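J.: When you get a sec, could you give me coordinates for this:
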Amino acid sequence: MGLRVSASEPTHPIQIHNFRAYWVCRLAMTLGQYAMMIVIQWQAYNLARESGMNVAEGSGTLAIIGLLQFLPLFVLTPFSGLAADRFDRRRLGQMTILLQLLCSAALAWTSWNDAVSLPILFAIAVVLGVARGFAGPALSALAPNLVPKKLLPTAIALSSISWQVGMLVGPAIGATLYAVEPALPYAVAAALFVVSVGALTLVGKVPQPAMRKDQRPIGAIVDGLNYVVKNKMVLGAITLDLFAVFLAGANALIPVFARDILHTDEIGLAMLASATPAGALVTAIFFSFSPLRTQVGPKMLGAVVVFGLATIVFGLSTSLPLSLAMLFIIGAADMFSVYVRQSLIQLHTPDDKRGRVSSVSMMTISASNEGGDAFSGALAFLIGPVAAIAAGGAGAIAIVALWSRIFPVLRTTKTFDPPEDLLEGIQHTKDKNPQEA
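T.: Below is the predicted model of the structure:
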C-alpha cells in the first residue's frame, strides 16, 4: 500500500497509491453496509410476521424501513453535497463511516441481548440514512481527484467493482452469520468499518477545489442544482436511473419472495440477495479491462430495457433457479447503465461542482433505491408482491421510451468525451499531479 508508483505516467488506476487505499475503503464499507442491511430487513420482516401480520402487512414494514433510510438522504443531500465541495472529503468520509460503525455496534449489542425490536430497527435506519447521505457525495467526488482524466472511466469501473463485491459478498456474510448467531453479522460489520476508516486514512492529501468566497451556502447549493438542470446530458442520465429503478426495484421484496413465494431459508435468502450484485460484478470486471468507447448513450438505454424485462420475469417466477438467473441479469444490466451514467456525469462536471452534482446523483440513487424500496413495499401491500414487481419492470421500459424523446442527447451520445464548449470549464487537477501523496 505504501509503495509509490514510478515517475512515468500511470497506465492503470491500481498503480496509484491513493486510489488503491480508496478502493479498499469503499470495499470494506460496502461489505459492512450490505451485511447489515440484509439482516435488518430480515429481522424486520420476521418480527412483523411473528407479531401476527400477514404477507402484505410485512411488506409494508419493509416499505417503512426503506422510507426511513430515504428521508434523511433526501433532506440532507443538498447540504452534504455542499459539504463535500467545501470541506476535506477524506475527513468527511471518515466521520460518516464512524457513524455507521456506531450503528453496527448498537445492533450487535441489542441482538446479543435479544432486545431487537421494530422501533430500534426503524431508528437505526434513520441514522444510517444520515450517514450514507454524507458519505456518498464525499467519496464519489473524491474519486476523480485521485486519477488522471483518461483513467477515470476505468477507475469508475474499478470503484464499481468494490461496490458490487460488497453488495455480492455482504448479504452472503450477513445471512450466513445470522444463521450462526444474530449478533455476529453486526459485529463483523463493525470490524469492516474499522478497516474502511483505516484505509481512507492512508489516502494522502488531494487538491480541494476552490469555491467562490462571496457565495453564500444557499447560493452554492442553488448553483449546483442549476448546473444539473441546464446540462441535459447530466440531467437525463441522473433522472433515467431515478425513475427506472424507483419503479422496478426488486431488492426490498427479496425477503418476501424468499419466505413466502420461493419458500427458501437463510441460505436461499443469501443467494437471492447476492445474485443481483453478482451480475453487476461480472459486468464491472469486464469494463475494467475493456472500457466502453462507442455508442455509449444508446447502449445505456438498451441496458435499462433489459433491466425492466428481467424484472418482469423475476416477479412472475416461482422457481429459485429462474429467479436467481433473472436477478443476475438485472444486476448486469444495471451495472452497464451505472458505468455509462457515472462516467458521463463525472466527465461532464467541473471539479468545483462535483460534490454538489454528486449529491444530486446520490439523492436520485437514494430515491430510486431506498425510495423505490418504500414504493415497492407499499405497492406490494396494495396489489401483492408479484404484481408489484411485474408492473415495476414494465414501468422501467416505459421510462426508457419516454426519456429517449425528452432527452434526445441520450440517444445521440456516442462517446464519453464532453462537448468542446465544456472542456475549458472542466478542470481535472489530478492530471497535473496524479501521484501526489
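J.: other SSEs contacting the helix or strand harbouring Ile267?
T.: Using DSSP states H and E, Ile267 sits in helix 266-289. If you count contacts as 3 or more CB pairs under 8 Å, 6 or more residues apart in numbering; DSSP states H and E, helix 266-289 packs onto helix 17-50, helix 152-180, helix 254-256, helix 320-347. In this view, the C-beta of every residue, glycine as well, is placed from N, C-alpha and C.
J.: go again using 7 Å as the cut-off
T.: If contacts are counted by 3 or more CB pairs under 7 Å, 6 or more residues apart in numbering; DSSP states H and E, helix 266-289 sits against helix 152-180, helix 254-256, helix 320-347.
J.: Most tightly packed of the ones you listed?
T.: helix 254-256 (a mean of 25; mean count of other CB atoms under 10 Å).
J.: So, low pLDDT: which residues of the stretch 201-350 of the chain?
T.: 206-229, 346-350 (pLDDT under 70).
J.: try 50 this time
T.: Across the stretch 201-350 of the chain, the ranges flagged by pLDDT under 50 are 214.
J.: Tell me how many other residues crowd Glu181.
T.: 13 (other CB atoms under 10 Å).
J.: thinking again about what came up before, I'd like to know which of the helices and strands packed on helix 266-289 lies nearest to Phe87.
T.: Closest to Phe87 of the helices and strands packed on helix 266-289 is helix 320-347 (CB to CB; 19.9 Å).
J.: and the closest one, what does it pack onto?
T.: helix 152-180, helix 232-248, helix 266-289, helix 296-316.
J.: In JSON lines: the helices and strands packed on helix 266-289, plus distance to Tyr22.
T.: As requested, these are exported to JSON lines (distance: least, CB to CB, whole Å):
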{"stretch": "helix 152-180", "distance to Tyr22": "8"}
{"stretch": "helix 254-256", "distance to Tyr22": "30"}
{"stretch": "helix 320-347", "distance to Tyr22": "14"}
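J.: for the ones you listed, which one sits closest to Phe375?
T.: helix 254-256 (14.4 Å).
J.: related to what we said a few turns ago, off-centre distance for the helix holding Ile267?
T.: Remark: helix 266-289 is offset 14 Å from the chain centroid, using CA atoms, centre = their mean, to the nearest Å.
J.: thought Ile389 was touching Leu253?
T.: Yes: with contact defined as CB atoms under 7 Å, Ile389 counts as touching Leu253 (6.5 Å).
J.: Tell me, how many residues neighbour Gly52?
T.: For Gly52, using other CB under 10 Å, the count is 7.
J.: For Gln295, what are phi and psi?
T.: Torsion angles at Gln295 (phi, psi; degrees, to the nearest 10) stand at phi 50, psi 40.
J.: Next one, pLDDT for the residue nearest to it when sequence neighbours are not counted please.
T.: Nearest non-adjacent residue to Gln295, counting by CB to CB, 6 or more residues apart in numbering: Lys414, 5.9 Å away. Looking at Lys414, its pLDDT reads 77.
J.: Might one say that Lys414 is in contact with Pro298?
T.: No: Lys414 lies out of contact with Pro298 (CB under 7 Å); the separation is 8.6 Å.
J.: and the residue nearest to Gln295, what does it touch?
T.: 294-296 (CB atoms under 7 Å, 6 or more residues apart in numbering).
J.: coming back round to it: what about the helices and strands packed on helix 266-289, which gets the closest to Leu47?
T.: Nearest to Leu47 among the helices and strands packed on helix 266-289 is helix 254-256; the distance by CB to CB comes to 11.4 Å.
J.: Residues in contact with the closest one: which ones?
T.: Helix 254-256 is contacted by residues 41-42, 45, 55, 58-59, 62, 269, 272-273, 380, 385 when judged by CB under 7 Å, 6+ apart.
J.: Give me the distance between it and the centre of its chain.
T.: 20 Å.
J.: before we move on, what about stretch 108-123?
T.: 25 Å.
J.: Enumerate the positions of it that are buried.
T.: Residues 108, 110-111, 116, 120-122 are the ones in stretch 108-123 that count as buried (16 or more other CB atoms under 10 Å).
J.: Which pair of those spans the longest distance?
T.: Every pair of the buried residues of stretch 108-123 checked by CB to CB; the farthest is Ala108 and Phe122, at 17.6 Å.
J.: now do the same end-to-end measure for stretch 148-156.
T.: 12 Å (CA to CA, to the nearest Å).
J.: Tell me which residues of stretch 241-253 come out buried.
T.: 241-253.
J.: can you put the residues you listed in TSV and add distance to Pro144?
T.: Output for those, formatted as TSV (distance: CB to CB, whole Å):
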residue	distance to Pro144
Asp241	19
Leu242	22
Phe243	26
Ala244	25
Val245	23
Phe246	26
Leu247	30
Ala248	29
Gly249	28
Ala250	31
Asn251	28
Ala252	31
Leu253	35
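J.: Let me know the closest of those residues to Val169.
T.: Using CB to CB, the buried residues of stretch 241-253 come closest to Val169 at Asn251, 15.6 Å.
J.: quick one: that closest one from Phe307, how far?
T.: 13 Å (CB to CB, to the nearest Å).
J.: The helix or strand that contains Ala388 packs against which elements?
T.: Here Ala388 sits within helix 385-406, counting by DSSP H and E. Helix 385-406 sits against helix 232-248, helix 296-316, helix 354-383, helix 409-412, with contacts defined as 3+ CB pairs under 7 Å, 6+ apart.
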